[in-house]
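Colleague: show me the folded form of this:
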Amino acid sequence: MIKYKCIRNNCFENILLNTPKFWSYFEDLAEKYQGFVFGIQGVLFDGINVFPAAIDCLEKLRVAEKTVSLISNTVQRSPLLVETLRAKGIPLSLYQYIVTAGDETYRHLHDKNDPWHNA
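Modeller: Here you go, the predicted model:
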């Protein structure tokens with residue numbers, strides 16, 4: 001289980017990710033930053049089930065007009081992943097950007113902008 005080390009009131013506390021307690025601490029960060037980057041697998045859902053606290057957090061960030069980007073090391077390109085997320089209950093309205101390893105691989109092989117991919 002992944003843990004997050006939180007410092008609040010000069011006290012260190014290990015908090016399990018994807019629990020309501022973690023996301024309540026996250027709200028402190030939301031006040032300080034304009035944009036956030038989240039991994040998808042293990043952060044927003046466990047591969048099957050969406051974490052309700054994660055959705056609540058994304059909704060609060062949307063209401064606060066924060067920029068949310070999602071990243072994934074999946075080989076899927078982003079349009080397919082957007083549909084997968086929508087089907088799991090994570091609508092496009094909760095994030096502004098999504099980047100996958102599949103997107104980057106396609107872009108480099110298609111554009112061939114560097115010597116290695118142009119060979």
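
Colleague: can you list phi and psi of the spatially most central residue of the chain for me?
Modeller: For the chain, residue 38 is the residue whose C-alpha lies nearest the centre (C-alpha atoms, centre = their mean; 2.2 Å). Dihedral pair for residue 38: phi -120, psi 140, per degrees, to the nearest 10.

Colleague: give the contact list for it.
Modeller: Residue 38 sits next to 44, 54, 68-71, 95 when contact means C-beta atoms under 8 Å, 6 or more residues apart in numbering. For glycine as for every other residue, the C-beta is placed from the backbone atoms N, C-alpha and C.

Colleague: report the buried members of those.
Modeller: 44, 54, 68, 70-71, 95 (16 or more other C-beta atoms under 10 Å).

Colleague: so which of those residues sits lowest on pLDDT?
Modeller: Ranked by pLDDT, these bottom out at residue 54 (84).

Colleague: list the contacts of the helix or strand in which residue 109 is found.
Modeller: In this structure, residue 109 sits in helix 101-111 according to DSSP states H and E. Applying C-beta under 8 Å, 6+ apart, the contact partners of helix 101-111 are 72-78, 114, 117.

Colleague: residue 88: how many residues sit nearby?
Modeller: Residues near residue 88, counting by other C-beta atoms under 10 Å, number 16.

Colleague: now it, nearest residue through space, not along the chain?
Modeller: For residue 88, ignoring the flanking residues on the chain, the nearest one in space by C-beta to C-beta, 6 or more residues apart in numbering is residue 50 at 5.2 Å.

Colleague: contact partners for that neighbour?
Modeller: Residue 50 neighbours (C-beta under 8 Å, 6+ apart): 44, 88-90.

Colleague: in the residues you listed, find the pair that's most separated.
Modeller: Checked with C-beta to C-beta, the contacts of residue 50 reach their widest spread between 44 and 89, with 9.8 Å between them.

Colleague: hey, what's in contact with both of the two?
Modeller: Here residue 44 and residue 89 share the contacting residues 50, 55, scored by C-beta under 8 Å, 6+ apart.

Colleague: counting neighbours, what do you get for residue 77?
Modeller: Residue 77 has 17 neighbours, counted by other C-beta under 10 Å.
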